[in-house]
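Trainee: Quick one: sequence plus predicted model below, questions after.
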Amino acid sequence: MRQFLNLNRHKLSFAFKATSLIFSTLILAVFLIANFNGQQANVDAIVFALFLFGIVLPCFIIFISYLAWYYKQRAMRKAFSKPPFDQLNELGFSDLLLNEKTKWSFTEEVKAGRVNGFNLIADILYDKSHIIEVRAFTAWKHLDRNEYKRLSIEFKAHNIEFDFGSLVKRYNTKLLHVHTIRELKVDFEEFTELLKRNGFKPQTVSGAGL
């Protein structure tokens, strides 16, 4: 809880006010529509509904969001405690605060580094916490349908997939093919070299959000 508050204390007020405003507006709209249709609600029902949807429900949503945040951060610590990912600092990786500048998402910690000029972010797959995703941010590159299909097939053989503004390489911590930090370094280098050979260029630092 302390880490969550240290990273997101300034966002909680906005989160509460935004969700409260949205749900209060929706419930008032429901009462107005009902009133126009001749179904007038009493004052007690309106006050109770506003309390429920304007205070209780936003608090519940924030609490559930915290639990999701806590689960992911705990799962990340577990995934990155396994070798060789527990030695990422030897490759120049360090902790990075993700979503720090937006009020619409809670801030969380991921691992970030640079290989062959590419900004890389290492994170876990949310619904499969044993999968570590290493995301390489690339400059925009036009691909026609045939080239996209060819690259998708080639990349798939290396556990790489296209994503928005990046390409993602996945590692299953239960079935790792790399066992030492040296092997992981070579794998990262081969990953980024493969991108370069196919005409992908590193995205700028500001574009990658690092």
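Mentor: Ah, there it is.
Trainee: any low-confidence regions in this structure?
Mentor: Residues of the chain that meet the criterion pLDDT under 70 lie in 205-210.
Trainee: can you list contacts of stretch 95-105?
Mentor: Applying C-beta atoms under 8 Å, 6 or more residues apart in numbering, the external contacts of stretch 95-105 come out as 7, 11, 14-15, 18, 106-112, 121, 123, 209-210. Backbone N, C-alpha and C define where each C-beta goes, glycine included.
Trainee: Give me the buried stretch members for stretch 34-49, please.
Mentor: The neighbour-count criterion (16 or more other C-beta atoms under 10 Å) identifies Ala49 as the buried residues of stretch 34-49.
Trainee: Can I get it in CSV? Just the C-alpha atoms.
Mentor: Extracted in CSV, the C-alpha atoms of stretch 34-49 (Å, rounded to 0.1, in the frame of the first residue of the first chain):
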residue,chain,number,x,y,z
ALA,A,34,-38.0,8.6,-15.5
ASN,A,35,-39.5,12.0,-14.5
PHE,A,36,-40.2,12.9,-18.1
ASN,A,37,-42.0,9.5,-18.5
GLY,A,38,-44.2,10.3,-15.5
GLN,A,39,-42.4,8.2,-12.9
GLN,A,40,-41.3,10.7,-10.3
ALA,A,41,-38.8,9.5,-7.7
ASN,A,42,-38.9,10.8,-4.1
VAL,A,43,-36.1,12.8,-2.6
ASP,A,44,-34.8,10.0,-0.4
ALA,A,45,-34.4,7.7,-3.4
ILE,A,46,-32.4,10.4,-5.2
VAL,A,47,-30.2,11.1,-2.2
PHE,A,48,-29.5,7.4,-1.7
ALA,A,49,-28.7,6.8,-5.3
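Trainee: the strands in this structure, which residues?
Mentor: Using DSSP state E, the strands of the chain run over residues 94-98, 108-115, 118-125, 128-137, 160-163, 166-172.
Trainee: Would you check which pair of the contacts of stretch 95-105 lies furthest apart?
Mentor: Pairwise distances across those peak at 29.8 Å for Ala18 and Lys111 (criterion: C-beta to C-beta).
Trainee: Have a look at these two and say which one is more surrounded.
Mentor: A direct count of neighbours by other C-beta atoms under 10 Å for Ala18 and Lys111 places Lys111 higher, at 20 against 13.
Trainee: Name all residues that make contact with the more buried one.
Mentor: By C-beta under 8 Å, 6+ apart, the neighbours of Lys111 are Phe80, Leu88, Phe93, Ser94, Asp95, Leu96, Ile121, Ala122, Asp123.
Trainee: circling back to that earlier point, from the contacts of stretch 95-105, keep the buried residues only.
Mentor: 7, 11, 15, 106-112, 121, 123, 209-210.
Trainee: and these as a markdown table, adding distance to Leu28?
Mentor: Listed next are the buried ones among the contacts of stretch 95-105 as a markdown table, based on distance: C-beta to C-beta, whole Å:
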| residue | distance to Leu28 |
| --- | --- |
| Leu7 | 33 |
| Lys11 | 25 |
| Ala15 | 20 |
| Phe106 | 28 |
| Thr107 | 32 |
| Glu108 | 34 |
| Glu109 | 39 |
| Val110 | 40 |
| Lys111 | 45 |
| Ala112 | 44 |
| Ile121 | 42 |
| Asp123 | 40 |
| Gly209 | 38 |
| Leu210 | 43 |
